[in-house]
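Enquirer: Task: produce atomic coordinates for the following.
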Amino acid sequence: MTIFIDSSNLNEIERFHRMGIIRGVTTNPTIMLNNGVTGGIQRLEAQAKQIARLVAPMPVSIEVTCQDPLEMLNQALMFANWAENINVKITIHGPEGENENLNVVHELENKHNIRVNVTAMMSAQQCLLAALAGATYVSIFGGRVNDMGFNVCGEIRKLRNVLDYQGLKSKIIVGSTRETINIIEWLEAGAHIVTVVPGLLEKMIVHPYSIETVRQFLRDAEKAMSK
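Expert: Numbering: from 1, shown residues only. Below you'll find the model as predicted:
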């Protein structure tokens, strides 16, 4: 899977999907808001369905917009009904550390067969518990971990080793990507997937020395063809 694009902008998603370099899409309320997706659940539904159709059968993660356990469950069931390739994002716990969210994750995965992406995690320990609850994806916010003065690569390696040793199905997503170098580093450390914003995808493609080399090739080709 390797790279999921972190966006809800249809033009951006379509552009990189045509290149064949993305393997899924992740969104959250912050991304939706920054991309101008406002207007309640009806607008969210319309945007999510368009994204899901665009990249099908690749997975699309849509985050619940509430924290009450029953509301989260009902929203997740609704979101998953919008398209077969929609996964539901649920944070590891509530805004005050409420820990009922894993109950919802476990029920969705094991009773309703809905794929869940547990998000907003900062440690291997959190991700392990989400994996034990049955989450299809466990998302650790690598950039934020690094911002706190730690190297997230250590957490990724520990987590991958434990998941593999225990035979747990969860795939590791590392997000909150800050620099292009993070993408290769985190994949090398054991992440199954790294989420990447469109601007960083662009930087991965374009290198100053590649520009210089291409220009030289074109100059020399013009000279060779003119003789």
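Enquirer: Tell me which strands the helix or strand residue 61 falls within pairs with, and in which orientation.
Expert: Following DSSP states H and E, one finds residue 61 within strand 60-63. Here strand 60-63 is paired, per DSSP bridges, with strand 25-26 (parallel), strand 86-91 (parallel).
Enquirer: how about JSON lines for those, with distance to residue 182 and mean pLDDT added?
Expert: Glycine gets a C-beta too; all of them are placed from N, C-alpha and C. Shown next, in JSON lines, are these (distance: least, Cβ to Cβ, whole Å; pLDDT from 0 to 100):
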{"stretch": "strand 25-26", "distance to residue 182": "15", "mean pLDDT": "96"}
{"stretch": "strand 86-91", "distance to residue 182": "20", "mean pLDDT": "97"}
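Enquirer: Switch these over to a markdown table, and while doing so, append distance to residue 6 to every line.
Expert: What follows is these, written out as a markdown table (distance: least, Cβ to Cβ, whole Å):
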| stretch | distance to residue 6 |
| --- | --- |
| strand 25-26 | 5 |
| strand 86-91 | 12 |
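Enquirer: out of those strands, deepest packed?
Expert: strand 25-26 (a mean of 28; mean count of other Cβ atoms under 10 Å).
Enquirer: So which residues make contact with that strand?
Expert: 4-8, 13, 51, 55, 58-61, 89, 117, 139, 173, 175, 195 (Cβ atoms under 8 Å, 6 or more residues apart in numbering).
Enquirer: helix, strand or coil for residue 5?
Expert: strand (DSSP: H, G, I helix; E, B strand; the rest coil).
Enquirer: and if you look at residue 8?
Expert: Here residue 8 is coil, with the state taken from three-state DSSP.
Enquirer: For it, give me the pLDDT.
Expert: Residue 8 carries a pLDDT score of 92 in this model.
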